[in-house]
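1. okay, sequence plus prediction incoming.
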Amino acid sequence: MVFLHYLHRAMSLPGFFIICMLHSIVAITCGALMVFYTKEVSVLGHGYEITSKLQGSTPHDQLLIQTSESFSGLLLFTIGFVLFMVAFVKERDFQSFFAKGCVLLHVSMAIWRISFEGKVEDLGHEWLRQALGDIMLALSWVFLLAYSWREKYD
């Protein structure tokens, strides 16, 4: 009986590795692009007109904004690397805990975008698209958890 308990804990959640790797690849790619191609990524995400408004008016402001965006890209790259490492963890309890934390993180980001980015005049039309993206990322983890619960209780 004790052996079955430990065997159950050692089993991985089905799909955890794939979801972690997909999220990792996206985060590493976007983070690297944000670090090395800051202006181009901003134009791609916001459009040329809004990007020019968000760049700042003085050279000092422009340098601060570019540095801030590069560090954001570095943080995203690091998150992608952590996701890559976590993908190889095989303990079911940790995977479930991690997936719940990812759902909480993505939902919090969506709430933040709705609450604060919607109030920024220059970003007023983009917050909905980005919040929906955060919700979709959260749903990938929710589906993983729902599938594992279905498997566990069937």
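-> Alright, I've got the coordinates.
2. tell me which residues in stretch 107-115 are buried?
-> 107, 109-110, 113 (16 or more other CB atoms under 10 Å). The way it works is simple: take the backbone N, C-alpha and C, and place the C-beta from them, glycine included.
3. cool, stretch 81-91 as well?
-> So stretch 81-91, judged by 16+ other CB under 10 Å, has buried residues 83-84, 86-87.
4. now do the same end-to-end measure for it.
-> Stretch 81-91 has an end-to-end distance of 19 Å (criterion: CA to CA, to the nearest Å).
5. contacts for it next, please.
-> 9-12, 16-17, 20-21, 23-24, 27-28, 95, 98 (CB atoms under 8 Å, 6 or more residues apart in numbering).
6. secondary structure and neighbour count for the residues you listed - can I get that in TSV?
-> Below are these laid out as TSV (DSSP: H, G, I helix; E, B strand; the rest coil; neighbours: other CB atoms under 10 Å):
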residue	secondary structure	neighbour count
Arg9	helix	12
Ala10	helix	11
Met11	coil	15
Ser12	coil	16
Phe16	helix	23
Phe17	helix	16
Cys20	helix	25
Met21	helix	14
His23	helix	21
Ser24	helix	19
Ala27	helix	20
Ile28	helix	18
Gln95	helix	24
Phe98	helix	19
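7. that'll do, ta.
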